[in-house]
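In: Model the structure of this input:
(chains A and B)
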Amino acid sequence: MSISTHNPEDNEAAGISEALRRDARRIGEAPFDMALQRETMARVRALKDAGRARFRFGFAPALAAASVAVVAAALFISFPFKPVTHREAALVAEVVPLREVAPRASVWFYERALAEGDAAFSAALDRDAQTLLPATAKLPEGLL
Amino acid sequence: MRFRPFRADPRVSPAQGAALGYQISRLRRYRAESEIEAQGLPSRGAFRFFASPHYPYMKSKYIVSTTIAIFALTSCLSAEEVKYPPINPALTYWQAAALMPDLKGEKAELLNDAIFGKKPLDDAKVRELLTESEDSLRLFAKAAASSAPCDWGLDLKEGPELGLPHISKIRELSRLAVLKADALFAEDKASEGIDWLLLTHRAARHAGASDLLIAVLVQDSIEGAIIYSAGLHCLGWNDAVRKMYADGLKTLPPPHSLGDAVRNETIFIDWIERLLQSTEPDARRKLHEMLVSANPRGNEPGPEREAEIKLLEEQFTSGNSPKLIAELRNLNLRTQAAMGMPWKESRLALEGIDKETQEGNNVLKMSYPSFESVNFKRFQIATLRTMLDAALQYGPKLDEATAAGFKDAFDGEPLVLRKGEDGSMTLKAARQYWKGKDIELKLGK
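Out: Sure, this is the predicted structure:
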C-alpha cells in the first residue's frame, strides 16, 4: 500500500527517484581512476578557496568600515572640544535672577569703565586685583 | 595571530609590536608583487597591487595592522595623560591668584613702574616681591603650560551681569611674570627669561578664552606689556635667543580676536530680550535702571535719573520692544562686519554706526557702546606684533631700510626707525591714526 500525500508533486518526485535508482543499478561500476580523483579533489579545493576569497573580499570593507568608525569614535570622544559657550542656552527665555545695578567686576561694570577711557578701565582692573580675593595675612612668627 | 610573538615578549612594547607587524605586512605585499612581475603582469602603478591574487588578503591585513598601529601609538602617547590628565588652566590660575602676595601700595607701584619702564627699579625690592610671589608664579607657569583648554566656567546667559573676577587677577599675575622675566634678563639668563615671556603670552591668550570683549582687551593689554618688555631687552639678545623667542611665538595658540568678541556682545541683547519677556514684576524696572546707569548722569539718584528711566519705559512698550531688539541685533551684525574690514573702511563704517546710535532713540544710545576705540586697539596690537617681529629678526642690526620693510597694520605704511643718542631705537608707525595716538616700540633701555 502506497502512502498517499496531499501533494501530488511528492508522489511524482518519488516515482522519478525510483526510476533513477533503477537506471543506476543497470550501469556497471567503472574501475577507480586516480587521475579523475585528483582532478575532482583539486576542483573541490578550488571551489572551497574561491569561497574563502569571496569571504575575505567581503570581510575587508566591513572591517575597514568598523575600524574607521572606532577610530572616529575614539577621536570624537577624546577631541578637546571648546567648552559649550551657552550661546544657544542664552536664547532660551527664562527668569534671570536680578542683582544690584552694575555688579562688581561684571561685564557691565568693566564696559562702563571702558566707555570712560583706557585709564578708567585700567584703574578698575587694578582696584579689583587688589581687593578681590585678598591675600591672606602673614602667619604669626613662630607658628610653624 | 601574527603579532603574538611580539606581544608575548615583554621586552617589546605594543607600539614596537605594531610597527613590526606593519613592516611584515609590507614585506608580504612586496613578495606578492614580485610574484606578479614573474607572471609578466604590469610591474608598476596601482594595477600591480590591485591585480595581485593576494589583494583581498593583503588589504584586510593592511587595515588591521594600520588600525592596531594607530591604537598602540595613541595609547602609548596618551598613557601619561590618562594617568595625569592636563588640568583646566583656569583652575590653576585661581590657585595662583589665591597665593599671590598682597600687592597694594608700594608693591603695586613697583609693578606698574616695571611694566611701563617708567623708572629704574630697586633690585632688592624686585627680588623681595618675586620671592614672595614664588609659589604663585610656579602655579601660574603650570597653568600657562597646560595643554588642556582654558574654561573659566562663565555662564554667558547672565549677560552684562556676568562676573569676570578672574580678569584682573590674571592681568596682575601676568605682570608679575613679566617682572620675573625682566629680573632674569638682568641676570643674563636670557633663555629663561624668554620662557617666562612665552608662558605669559600663553596666559594672555587664556585670559581671552571666553571671547568676551573685556577679556580679549585684557589679553591684548597683557601682550602689549610683554612686547614692551621684550623691546627693552631685545637688543641685548644674541641671534639664537631672538630666534628662540620668534620660534616660540609661532607655537602659541592664536590670539582671540576682537572681531569674535563683538559677536559675543550679543549676550547683552539676549539678556535685554529675556528681561523684557520676564514675568518678574521688577524685571523691567531693573533693566531700565541698569541701562540708565550707563549714563554718568544716571548714576546718582535724582530727577534726571527718574526722567531717563521714564523715557525708557515709554520706549520699551510691548509693541515697540521686538523692533528695538531687532535694531540692536542689526547694529551688532554691522559692527561685526566692520570689525573684519581694513582700517580705513572699518573706521568709516564704525563712525557711521556710532552716529546712527547717538542720533537714535534712548535705548540704542544707552545700550550700544562705541567700538571705535576697540577697533583702533585691534590694529594697534597687530602693529606692535609686527614691530616685535622686526626687532627679533634683526636685533641691533635693525636700520631704517630694514624697518621700512615692515608695514603697520593700519594702512600698510612702512615702519619708521628712530635712533636715540643713548643707543636705543624706537620703531614707530608712520603716522598717528586715531586721536593723536602714537604707536611705537622702544628697543633697548
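In: what about residue B:185, neighbour count?
Out: Under the neighbour criterion other C-beta atoms under 10 Å in any protein chain shown, residue B:185 is assigned a count of 23. (Each C-beta comes from the backbone N, C-alpha and C, glycine too.)
In: State the distance from it to chain A.
Out: With distances taken as C-beta to the nearest C-beta, to the nearest Å, residue B:185 is found 24 Å from chain A.
In: Show me what counts as buried in the helix or strand harbouring that residue.
Out: Assigned by DSSP states H and E, residue B:185 belongs to helix B:165-186. Using 16 or more other C-beta atoms under 10 Å in any protein chain shown as the test for burial, helix B:165-186 gives B:165-185.
In: so what's residue 38 scoring on pLDDT?
Out: Since no chain was named, I'll use chain A. You'll see residue A:38 listed with a pLDDT of 86.
In: let's do chain B instead
Out: You'll see residue B:38 listed with a pLDDT of 62.
In: Grab the longest helix from chain A for me.
Out: For chain A, the longest helix by residue count, based on DSSP state H, is helix A:34-78.
In: on contacts alone, who are the packing partners of that one?
Out: helix B:55-83 (3 or more C-beta pairs under 8 Å, 6 or more residues apart in numbering or on different chains; DSSP states H and E).
In: Quick check: next helix or strand after the helix it packs on?
Out: Assigned by DSSP H and E, the successor of helix B:55-83 is helix B:89-98.
In: so what does that next one touch, helix or strand wise?
Out: helix B:134-145, helix B:165-186, helix B:190-207.
In: Just checking, which helix or strand of chain A averages the lowest pLDDT?
Out: Least confident helix or strand, chain A: helix A:87-90 with a mean of 39, by mean pLDDT, DSSP states H and E.
In: and whichever helix or strand comes after that helix, does that touch chain B?
Out: The helix or strand immediately downstream of helix A:87-90 is helix A:107-116, counting by DSSP H and E. Yes - judged by C-beta under 8 Å from any C-beta of the partner chain, helix A:107-116 and chain B are in contact via A:107-108, A:110-112, A:114-116.
In: Just the angle for helix A:107-116 relative to helix B:165-186, thanks.
Out: 60 degrees (axes from the mean of the first three to the mean of the last three C-alpha atoms, to 10 degrees).
In: Tell me the buried residues in helix A:107-116?
Out: Neighbour-count burial for helix A:107-116 [16+ other C-beta under 10 Å]: A:107-114.
In: likewise stretch B:260-268?
Out: Buried, per 16+ other C-beta under 10 Å, within stretch B:260-268: B:261-268.
In: tell me how far the ends of that stretch are from each other?
Out: End-to-end distance of stretch B:260-268 (C-alpha to C-alpha, to the nearest Å): 15 Å.
In: quick one: is it near chain A?
Out: Yes - using C-beta under 8 Å from any C-beta, stretch B:260-268 reaches chain A at B:264, B:266-268.
In: any chance of the residues you listed in a markdown table, plus secondary structure and pLDDT?
Out: Output for the residues of stretch B:260-268 next to chain A, formatted as a markdown table (DSSP: H, G, I helix; E, B strand; the rest coil; pLDDT from 0 to 100):
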| residue | secondary structure | pLDDT |
| --- | --- | --- |
| B:264 | helix | 92 |
| B:266 | helix | 94 |
| B:267 | helix | 93 |
| B:268 | helix | 91 |
